[in-house]
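Undergrad: compute the structure for the input listed below.
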Amino acid sequence: MNSTKKYAAEALGTFALVLFGCGAAVIAGVTGAGPEGIGLLGISLAFGLAVVAMAYTIGPISGCHINPAISIAMLAAGKLSAKDTVGYVISQCIGAIAAAGLLYAIASGASGFTMGEWALGSNGWGDGYGGGYNMQSAFIAEVIFTFLFLMVIFGTTAKNASPQMAGLAIGITLVLIHLVAIPITGTSVNPARSLGPALFAGGMALQQLWLFFAAPIVGGLLAAFLRKLFIED
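TA: Below is the predicted model:
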């Protein structure tokens, strides 16, 4: 598959992830399904099912990373070239920004819409965000959950694994991660997913964006270095 098609696929996949996942949080999370919206479980399923759908849609083209932390971990593991890593990461960020822009255009059409702190499903931590967890808790959570996410990805895409089930296993893992981490950080484990909404929300979301680049990349690299202890590939 040529590079242009792979990069376009990564942009499309990340666009879909952010639009479905953050869209569920912004549009349906509170008012979209009755007095309490779809809630934590619904938002978690939106992110996980978006990954499942994209895995079977663009997986044969690009491998469906749709996450800079995954691409960088694959580079560290020797499974992706430096050139493609740069192309993937740029494409993922473009897709996420485009999705956040479209989400803003849609959400701003609602009566009484305001752009508060951490708007458009932005990630964050501290007083006023989720459960009010501090920066240390946020960093630890993002590192560990990204590490576990990448271990599942490495395991389900190994040579002796069942490729037909990889997308489903990875999507379910992302649902589980969201179920725990949404109250802590809103769940990133994906720098591009954090970048898009933060650029439009500004304020605290943009100030805290560094953590959602640093922690997932650390977690991904940790998985890349430790996978040989667990996975024969």
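Undergrad: need the residue closest to the centroid of this protein.
TA: Asn190 (3.8 Å; CA atoms, centre = their mean).
Undergrad: which of the helices or strands spans Glu117?
TA: If you go by DSSP states H and E, Glu117 is not part of any helix or strand.
Undergrad: might one say that it is in contact with Met204?
TA: Yes - with contact defined as CB atoms under 8 Å, Glu117 reaches Met204; the gap is 5.1 Å. C-beta here means a position set from N, CA and C on the backbone, and glycine is covered the same way.
Undergrad: which helix or which strand is home to Phe147?
TA: helix 135-156.
Undergrad: so which bits of the helix or strand just after that helix are buried?
TA: Using DSSP H and E, the helix or strand that follows helix 135-156 in sequence is helix 163-185. Of all the residues in helix 163-185, those buried under the rule 16 or more other CB atoms under 10 Å are 166-179, 181-182, 184-185.
Undergrad: okay, the angle between helix 163-185 and helix 135-156?
TA: Angle, helix 163-185 to helix 135-156, by axes from the mean of the first three to the mean of the last three CA atoms, to 10 degrees: 180 degrees.
Undergrad: for helix 163-185, name the packing helices and strands.
TA: Where contact means 3 or more CB pairs under 8 Å, 6 or more residues apart in numbering; DSSP states H and E, helix 163-185 is packed against helix 39-62, helix 135-156.
Undergrad: who are the packing partners of the last one?
TA: When contacts are defined as 3+ CB pairs under 8 Å, 6+ apart, helix 135-156 packs onto helix 68-76, helix 163-185, helix 211-230.
Undergrad: centre of the chain to the first one, how far?
TA: Chain-centre distance of helix 68-76: 13 Å, with CA atoms, centre = their mean, to the nearest Å.
Undergrad: what mean pLDDT does it get?
TA: Averaging pLDDT along helix 68-76 gives 97.
Undergrad: in the biggest helix by length in the chain, what counts as buried?
TA: In the chain, with assignment by DSSP state H, the single longest helix is helix 82-107. Across helix 82-107, burial judged by 16+ other CB under 10 Å covers 84-85, 87-89, 91-100, 103-104, 107.
Undergrad: so which bits of the helix holding Phe147 are buried?
TA: Neighbour counts over helix 135-156 (16+ other CB under 10 Å) mark 138-139, 141-156 as buried.
Undergrad: so how far is Gly171 from Asn160?
TA: For Asn160, the distance to Gly171 equals 21 Å [CB to CB, to the nearest Å].
Undergrad: surely Ala69 meets Ala224?
TA: No - here Ala69 does not reach Ala224: they are 10.1 Å apart, not a contact under CB under 8 Å.
Undergrad: looking at these two, which one has more neighbours?
TA: Ala69 (31 against 22; other CB atoms under 10 Å).
Undergrad: now do the same contact list for the more buried one.
TA: Thr146, Leu150, Val189, Asn190, Pro191, Pro216, Ile217, Gly219, Gly220 (CB atoms under 8 Å, 6 or more residues apart in numbering).
Undergrad: can you pull the contacts of the residue lying closest to the first one once chain neighbours are set aside?
TA: Meaning Thr146. Among residues not flanking Thr146 along the chain, Gly219 sits closest, at 3.0 Å (CB to CB, 6 or more residues apart in numbering). By CB under 8 Å, 6+ apart, the contact list for Gly219 reads Ala69, Glu142, Val143, Ile144, Phe145, Thr146, Phe147, Phe149, Leu150, Val189.
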